[in-house]
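Peer 1: Have a look; sequence and predicted model below, questions after that.
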Amino acid sequence: MQSNLPIEIKEVHVQGERGACTFRISSPEEDSYNIFAECKRERKQWNTAFTDFSQYAEGTHLPSHILIPIIIQALSLLSVQYNAEQELQTELLPKAEINVFNTNLLILLKIPMVSYFIIYKLPLTPVDMDETELLRLQYGDIKDVTDNLENEMKKLKDEMKELKQEVKELKATEKDLKDEMKELKNECNKLKALLFRHTFTQKEMGKNSVELKSVGFSEEDIKAWSEEELKDQGYGAPSLKLQYIDNQGAPHGCQLSNEYQSVTTLSSAQHRYITVSEPLSQDYSSFWKINIEQLKNWIAIGLIGQLQSSYISYKDKTNHSWACSQQVYIGGTNNNNYGGWNGFVSGDQVFFRYEPETKTLTMKVKRLEKNQAFTLICDGLDNAYIYVNILHQNDRITLEEMTAHEEELYFHLE
């Protein structure tokens, strides 16, 4: 191993010292070698000038020009910067142990030979540091801290530069997205305009809003009809979900089926009533139909204004309905044969329209003339619920949405 002096070995571990030391080996003149050690953290220095290394050897000794490279190698092995993986045969390398002994720094050097070790004990004596030297060390410490801070600042600046670039790219992406959204909105507006022209054409062809709703058009899409036209056509379809409240007082119940749109009475003859779960719209006309699939001899159909009535609900003051045997209940009072009404029969299809502004309930029956209408003015109704009161066991009705054709046939060609 060759060495070019002077040489400096940093971060050398020394037993008993809190900080690592730096070693400098130089040759101020021929056959004279100077070994200097400094521990900045402890503010300590050691130094010895060697002219004859043999006096520090135990037995066999080596020439100085051979020993110096070995000392350098042994100290390097103690450096935290040394990469041990670079050396393959570590058992054949020289070993150094460094200790502080009576203020001196003692380097114990072991050089492996074939069957024995050549051992050196090299003492370094402490150096009395004057104020200038201490200031130099302090300056070195401050410089190290400053250098570290500068490195950290450089890293931070680089990170800030990268972040600024990322923000710049994000802003560019945001601008691209805004432009893309603007284009999409323009396309959407074009489609809406096209859709409006399409719905307007459908209107001119005789279609109504309810028909378009049934094929998927939303309320936002249907702009060709005015508010009054939508109300007249009953665009807001009523809830068709029936419910039977157990505490109505009837000892005999009902069976709901067909997704709560059909009801069948259970057990013997006894009045019981069924309503829809939600009131009719107060803004739009409502259209619905009822199929009387099985009827023995009595049923009442119409509207009621409350859900918690008794089983003889046809006498409730909010009830407006038509029944059998010419019975017509207006505010819970029977008006026989009112409007020429005679009664329902099994198999009847019954069509209804309720206009909330005038509180007018209109009924038509398929087996009668389509222009024969029966009308009730439902004064006193705030919330209007579709209502059915059934008497006999196994009677059955089904509540359905009126088709656009039926709506046009029964309520727009009068």
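Peer 2: It's in.
Peer 1: Let me know the distance separating Glu400 from Glu58.
Peer 2: Using C-beta to C-beta, to the nearest Å, one gets 115 Å for the distance from Glu400 to Glu58. All C-beta atoms are positioned from the backbone trio N, CA, C, and that covers glycine.
Peer 1: quick one, which of those two is more surrounded?
Peer 2: Legend: neighbour count by other C-beta atoms under 10 Å for Glu400 and Glu58, higher for Glu400 (15 against 10).
Peer 1: In terms of pLDDT, where does that one sit?
Peer 2: We have a pLDDT of 93 for Glu400.
Peer 1: give the contact list for it.
Peer 2: By C-beta atoms under 8 Å, 6 or more residues apart in numbering, Glu400 lies in contact with Leu240, Gln261, Trp288, Lys289, Ile290, Asn291.
Peer 1: now the residue lying closest to the fifth one once chain neighbours are set aside: how far from Lys366?
Peer 2: Put plainly, it is Ile290. Nearest non-adjacent residue to Ile290, counting by C-beta to C-beta, 6 or more residues apart in numbering: Val350, 4.8 Å away. Look at Val350 and Lys366: by C-beta to C-beta, they are 8 Å apart.
Peer 1: higher neighbour count, those two?
Peer 2: Set Val350 next to Lys366 and count neighbours by other C-beta under 10 Å: Val350 wins out with 21 against 16.
Peer 1: name the element the more buried one belongs to?
Peer 2: According to DSSP states H and E, Val350 maps onto strand 349-355.
Peer 1: now that strand: mean pLDDT?
Peer 2: The model assigns strand 349-355 a mean pLDDT of 95.
Peer 1: What segments of the stretch 301-414 of the chain are helices?
Peer 2: Taking DSSP state H, counting those that start in this stretch as the criterion, the stretch 301-414 of the chain contains helices spanning 404-411.
Peer 1: coming back round to it: any chance of the contacts of Glu400 in a markdown table, with secondary structure, distance to Leu108 and pLDDT too?
Peer 2: Shown next, in a markdown table, are the contacts of Glu400 (DSSP: H, G, I helix; E, B strand; the rest coil; distance: C-beta to C-beta, whole Å; pLDDT from 0 to 100):
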| residue | secondary structure | distance to Leu108 | pLDDT |
| --- | --- | --- | --- |
| Leu240 | coil | 101 | 75 |
| Gln261 | coil | 102 | 92 |
| Trp288 | strand | 107 | 94 |
| Lys289 | strand | 111 | 95 |
| Ile290 | strand | 111 | 96 |
| Asn291 | strand | 111 | 97 |
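Peer 1: Write the ChimeraX selection for whichever of those are buried.
Peer 2: Per 16 or more other C-beta atoms under 10 Å, the buried members of those correspond to this ChimeraX selection:
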select :240,261,288,289,290,291
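Peer 1: distance of Asn297 from Asn389?
Peer 2: On the measure of C-beta to C-beta, Asn297 and Asn389 end up 13 Å apart.
Peer 1: about what we covered before: buried set for the strand holding Val350?
Peer 2: Here strand 349-355 shows Val350, Phe351, Phe352, Arg353, Tyr354, Glu355 as buried, counting by 16+ other C-beta under 10 Å.
Peer 1: Pretty sure the fifth one sits against Leu361.
Peer 2: The one in question is Tyr354. Yes. Between Tyr354 and Leu361 there is a contact under C-beta atoms under 8 Å: 5.1 Å.
Peer 1: Mind listing the shared neighbours of these two?
Peer 2: Common contacts of Tyr354 and Leu361 (C-beta under 8 Å, 6+ apart): Leu303, Cys378.
Peer 1: Now for Ile9, how many residues are close by?
Peer 2: Neighbours of Ile9 (other C-beta under 10 Å): 22.
Peer 1: May I have the beta-bridge partners of it?
Peer 2: Phe23 (DSSP bridges).
Peer 1: element containing Ala37?
Peer 2: Using DSSP H and E, Ala37 falls in strand 32-39.
Peer 1: what angle separates the following helix or strand past that strand from strand 32-39?
Peer 2: Of the helices and strands lying after strand 32-39 in sequence (DSSP H and E), the nearest is strand 44-50. With axes from the mean of the first three to the mean of the last three C-alpha atoms, to 10 degrees defining the directions, strand 44-50 sits at 170 degrees from strand 32-39.
Peer 1: now the strands for the stretch 51-200 of the chain?
Peer 2: Counting by DSSP state E, counting those that start in this stretch, the segments of the stretch 51-200 of the chain that form strands are 57-58, 95-101, 104-112, 117-126.
Peer 1: I'd like these as JSON lines, with distance to Gln326 and mean pLDDT appended.
Peer 2: Below are those laid out as JSON lines (distance: least, C-beta to C-beta, whole Å; pLDDT from 0 to 100):
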{"stretch": "strand 57-58", "distance to Gln326": "138", "mean pLDDT": "92"}
{"stretch": "strand 95-101", "distance to Gln326": "123", "mean pLDDT": "90"}
{"stretch": "strand 104-112", "distance to Gln326": "127", "mean pLDDT": "93"}
{"stretch": "strand 117-126", "distance to Gln326": "130", "mean pLDDT": "94"}
